[in-house]
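Engineer: Next comes the sequence, and after it the predicted model I'd like to discuss.
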Amino acid sequence: MRVETVSYPTNFANTYFVIDEDSVVIIDPGSDGSSLLSRITRAGWKPLAILLTHGHFDHVNGAEYLQKQLALPVYVHHLDETMISDPRLNGADTFGFDGRYDITLSTFGSDETITFGNITFQAIHTPFHTPGSVSYYVKEKGWLFSGDTLFKNSIGRSDLPLGSFRNIHSSLAKLQNLAPETIVYPGHGPRTTIGTELSFNRYFKLR
């Protein structure tokens, strides 16, 4: 099992491909769906599902195209479901995108476990950036896909529509007990580890 990353210099989030042999789960397809589909096709992967860490457009933008082309389920926490088709709530208005995505969503509740093939994700509910923000934890490999909850030496914003500053520390508390060697794959920027963030991230130190 391995992770491949597509990173974007502006606007769009990191997209992650979690690959087990020839199967792949796509996390946060924020970029143009056709370019992501081309990568999947070139690699010969069999896509199983799309996971969204939250409902902002820069994590969602390619999901509609991929779903229509590949008939994939798209999973999001139920508290972010209404954001997907609302360009004001998902932030698309701010950056001049349409943001009215027509996606058939599969929703889940807090701290559920979701399995695709041999890949199991624990959806850790980490609200504050959005009400339904989650961090997907692959316990077997010690991987955490943190969306915009946790970045290298920082965290996501809480001043956007539906954000909640008061939930920051309770959400971070759910992550601080993970093993220090846990690799964090954030929504933006380079990867890090839980141990590194416990040592250097001031938002953990403020707890």
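Structural biologist: Here it is on my side, so go on.

Engineer: Quick check: phi and psi on Leu79?
Structural biologist: With angles defined as degrees, to the nearest 10, Leu79 sits at phi -70, psi -10.

Engineer: quick one: it from Ala63, how far?
Structural biologist: 17 Å (Cβ to Cβ, to the nearest Å). (C-beta placed from N, C-alpha, C; glycine too.)

Engineer: So those two - more neighbours on which side?
Structural biologist: A side-by-side neighbour count of Leu79 and Ala63, using other Cβ atoms under 10 Å, places Ala63 first with 25 against 20.

Engineer: What residues does the residue lying closest to Met83 once chain neighbours are set aside make contact with?
Structural biologist: Counting by Cβ to Cβ, 6 or more residues apart in numbering, the nearest residue to Met83 once its immediate chain neighbours are dropped is Gly55, at 3.2 Å. Gly55 makes contact with Val76, Asp80, Glu81, Thr82, Met83, Ile84, Leu89, Asn90, Thr130, Gly132 under the criterion Cβ atoms under 8 Å, 6 or more residues apart in numbering.

Engineer: Farthest pair within the residues you listed?
Structural biologist: The most widely separated members of the contacts of Gly55, counting by Cβ to Cβ, are Val76 and Leu89 (12.9 Å).

Engineer: So between these two, which is more surrounded?
Structural biologist: Taking other Cβ under 10 Å, Val76 and Leu89 do not tie; Val76 has more neighbours (27 against 20).

Engineer: The more buried one and Ser85 touch, don't they?
Structural biologist: No. Judged on Cβ atoms under 8 Å, Val76 makes no contact with Ser85 at a distance of 11.6 Å.

Engineer: what residue lies at the spatial centre of this structure?
Structural biologist: Nearest to the mean C-alpha position of the chain, by Cα atoms, centre = their mean, lies Thr53 at 2.9 Å.

Engineer: The residue lying closest to Thr53 once chain neighbours are set aside - how many residues pack around it?
Structural biologist: In space, not counting the residues next to it along the chain, Thr53 is nearest to Gly147; the distance is 2.7 Å by Cβ to Cβ, 6+ apart. Number of residues near Gly147 (other Cβ under 10 Å) recorded here: 29.

Engineer: and Gly147, what does it touch?
Structural biologist: 13, 28, 53-54, 59, 126, 129, 133-135, 156, 186-187.

Engineer: mind running it again at 7 Å?
Structural biologist: By Cβ atoms under 7 Å, 6 or more residues apart in numbering, the residues touching Gly147 are Asp28, Thr53, His54, His59, Ser133, Val134, Ser135, Gly187.

Engineer: which among these gets closest to Thr41?
Structural biologist: Among those, and counting by Cβ to Cβ, the member closest to Thr41 is Asp28, at 19.4 Å.
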